[in-house]
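K.L.:
A predicted structure for the sequence below; I have some questions about it.
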Amino acid sequence: MMVAESGGSGGGSGDGGPGGVAEDLKQRLERRDATVGVIGLGYVGLPLAVAFAKAGMPVIGVDADAERAALIGRGQSPIEDVPSDELAPLVRTGRLTVAEGVGALGGTDAIIICVPTPLGKSKEPDISHIVAAADEVARILRPGQLVVLESTTYPGTTEEVLLPRFAASGLAVGKQLFLAFSPERIDPGNRTYALANIPKIVGGVTPACRELACALYGQIVERVVPVSSPQAAEMVKLFGNIFRSVNIALVNELAIMCRRLGLSVWEIIDAAATKPFGFMPFYPGPGLGGHCIPIDPFYLTWKARHYDFSTRFIELAGEINTAMPYWVVDRAAQALNDRKKSLRGARVLVLGVAYKKDVDDLRESPALKVIEILESRGAEVSYNDPYVPSLRAKRLRHYGTFELDSSSLTEERLAGADCVLIATDHGAYDYDWIVRHASLVVDTRNATRNVRGHRQKIVKA
Ligand SMILES: NC(=O)c1ccc[n+]([C@@H]2O[C@H](COP(=O)([O-])OP(=O)(O)OC[C@H]3O[C@@H](n4cnc5c(N)ncnc54)[C@H](O)[C@@H]3O)[C@@H](O)[C@H]2O)c1
């Protein structure tokens, strides 16, 4: 395998040294006189493509989903965080173009791979999209290109999966061709932290690879954090998500325990969070959602097994978090029972089906699991979500097909429900009004904390 150990502007001779291929690419990246290719224009790839285009670098995007590619090619954004008003001028001026296939990226200077990394049926990593993208990139590689993988994955992927494919081209990695991993850490819907002000972790196969990847991202983010290797960068991303998963599981368990003890977990968390150091609040809920937290930790579990290592915290957190939708439904059944009603035949109106507040993203949403369990226990379920007009058209990975459209939220509908279950605490909801007109509100998110009247109708799950 051809991997050059030295190179970059820091020293060495040959193609990677000053005046060589690496130095030339570095200078062009810093002058923003380089073309960027982005493979996968989803939640991660599209904001990235837009950021480079806005920084003045020509961008060519590619997506395997022809419909999505065509939409973006017309300047229409499928993603909330990228307004079409921002995208359209970049497309109109040719700063961002959408091409049909990876073949169009042959002339680019940097290629960033942002394809999905789901789990297979037995919670094993499914890196087939990475492999497909890497194979396509391997066919078009030329000297002087930098390739960065951004998809979340297990430590070792960049060097075990991408590197051999690229090295087979005969190009010396670290001298003629540069390879790095840089995890995406965006939080869709977050108004405070976005691509530009979230520090970007970068690990290169060689020092030259790292330096060039740092130069690339330095054009669009405020701070780049280099680490020693692609594996380290891969692990940093997973650690961040595992940290959240484990802490959410801890607080979910605390919530169930507090219920048993007759305490309010919300009161406990708020009071504990007054400690100015050494504590970070996490909040209970109906379960984990989104593309990252429920999935990524199991990438590490799988890898650890190869080393006879068992990731006990990850497994335990997964167990507790997976049980939460069942706990929520049990709470609803108990609340109905207290009102001399049974869950079977009860009309349950679920508010919010997106996996978190104020987004339209349904991926791994625990609300879908809650609906499925409610239906399986005989409840008549309807839902309202201002961001999700229909569950029919949405891509549902694990929950089969729902035949549900969002119901309008009216006083009559609230009054007609035996139970209103708040699964996602969208900011647009008027919780005072909801509680006033409902007969029973099961609140999984503490969304009703400021509601003054009718508190006897509220059950915290
Ligand atoms: N969504 C997030 O908030 C987030 C945050 C950090 C990291 N990530 C990680 O980033 C990666 C991408 O996630 P995402 O949310 O953008 O996924 P996504 O599903 O929104 O987008 C991925 C896109 O890649 C396209 N694609 C798949 N295979 C392709 C191929 N071979 N060639 C071209 N296009 C291809 C798909 O059609 C899709 O449009 C994942 O590994 C994910 O774990 C996601």
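P.N.:
Good, I have the coordinates.
K.L.:
Next, the nearest residue to Asn446 once chain neighbours are set aside: phi, psi?
P.N.:
Nearest non-adjacent residue to Asn446, counting by Cβ to Cβ, 6 or more residues apart in numbering: Trp266, 4.8 Å away. For the C-beta atoms, the positions are set from N, CA and C on the backbone; glycine is no exception. Main-chain dihedrals, Trp266, degrees, to the nearest 10: phi -70, psi -40.
K.L.:
Number of residues surrounding Trp266?
P.N.:
Neighbours of Trp266 under the rule other Cβ atoms under 10 Å: 17.
K.L.:
what's the distance between it and the ligand?
P.N.:
26 Å (Cβ to the nearest ligand atom, to the nearest Å).
K.L.:
could you list every residue that touches that residue?
P.N.:
Contacts for Trp266 were tallied using Cβ atoms under 8 Å, 6 or more residues apart in numbering; they are Tyr283, Asn446, Arg449, Lys460.
K.L.:
For my notes, please list those in CSV and give secondary structure, distance to the ligand and pLDDT for each entry.
P.N.:
Shown next, in CSV, are these (DSSP: H, G, I helix; E, B strand; the rest coil; distance: Cβ to the nearest ligand atom, whole Å; pLDDT from 0 to 100):
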residue, secondary structure, distance to the ligand, pLDDT
Tyr283, coil, 19, 97
Asn446, coil, 24, 97
Arg449, coil, 27, 96
Lys460, strand, 28, 92
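K.L.:
So which residues on the stretch 201-350 of the chain come close to the ligand?
P.N.:
His291, Cys292 (Cβ under 6 Å from any ligand atom).
K.L.:
hey, where'd the helices end up in the stretch 201-350 of the chain?
P.N.:
Counting by DSSP state H, counting those that start in this stretch, the stretch 201-350 of the chain has helices at residues 207-217, 230-261, 265-272, 297-305, 312-338.
K.L.:
could you dump the ones you listed to CSV with distance to Val148 and mean pLDDT?
P.N.:
Shown next, in CSV, are the helices of the stretch 201-350 of the chain (distance: least, Cβ to Cβ, whole Å; pLDDT from 0 to 100):
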stretch, distance to Val148, mean pLDDT
helix 207-217, 5, 98
helix 230-261, 10, 97
helix 265-272, 38, 97
helix 297-305, 18, 95
helix 312-338, 27, 97
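K.L.:
Tabulate those in CSV, adding columns for distance to Gln176.
P.N.:
Output for those, formatted as CSV (distance: least, Cβ to Cβ, whole Å):
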stretch, distance to Gln176
helix 207-217, 10
helix 230-261, 18
helix 265-272, 54
helix 297-305, 30
helix 312-338, 39
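K.L.:
among the ones you listed, which is the most enclosed?
P.N.:
A comparison of the helices of the stretch 201-350 of the chain by mean neighbour count, using mean count of other Cβ atoms under 10 Å, puts helix 207-217 on top with a mean of 27.
K.L.:
Show me what that one is packed against.
P.N.:
Applying 3 or more Cβ pairs under 8 Å, 6 or more residues apart in numbering; DSSP states H and E, one finds that helix 207-217 makes contact with helix 21-30, strand 145-149, strand 177-181, strand 200-204, strand 224-227.
K.L.:
Go through the ones you listed and pick out the most buried.
P.N.:
strand 177-181 (a mean of 30).
K.L.:
all strands of this protein, in order?
P.N.:
Assigned by DSSP state E, the chain shows strands spanning 36-39, 59-62, 96-99, 110-113, 145-149, 177-181, 200-204, 224-227, 347-351, 380-384, 419-422, 441-443, 458-460.
K.L.:
got the residues of the stretch 1-150 of the chain near the ligand?
P.N.:
Within the stretch 1-150 of the chain, the positions adjacent to the ligand are 39-45, 62-65, 68, 114-117, 129, 132-133, 150 by Cβ under 6 Å from any ligand atom.
K.L.:
Trp302: what's it in contact with?
P.N.:
So Trp302 contacts Lys123, Glu124, Pro125, Tyr154 (Cβ under 8 Å, 6+ apart).
K.L.:
Quick check on the residues of the stretch 1-150 of the chain next to the ligand: which are buried?
P.N.:
Buried members of these, counted by 16 or more other Cβ atoms under 10 Å: 39-45, 62-64, 68, 114-117, 129, 133, 150.
K.L.:
Next step: those restricted to helices.
P.N.:
Those of these mapping onto helices are Gly45, Arg68, His129, Ala133, per DSSP state H.
K.L.:
now those as JSON lines including distance to Arg259 and pLDDT?
P.N.:
Formatted as JSON lines, these follow (distance: Cβ to Cβ, whole Å; pLDDT from 0 to 100):
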{"residue": "Gly45", "distance to Arg259": "42", "pLDDT": "97"}
{"residue": "Arg68", "distance to Arg259": "43", "pLDDT": "97"}
{"residue": "His129", "distance to Arg259": "41", "pLDDT": "98"}
{"residue": "Ala133", "distance to Arg259": "46", "pLDDT": "98"}
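K.L.:
Of the residues you listed, which pair is most distant in space?
P.N.:
Arg68 and Ala133 (15.3 Å; Cβ to Cβ).
K.L.:
Much appreciated, bye for now.
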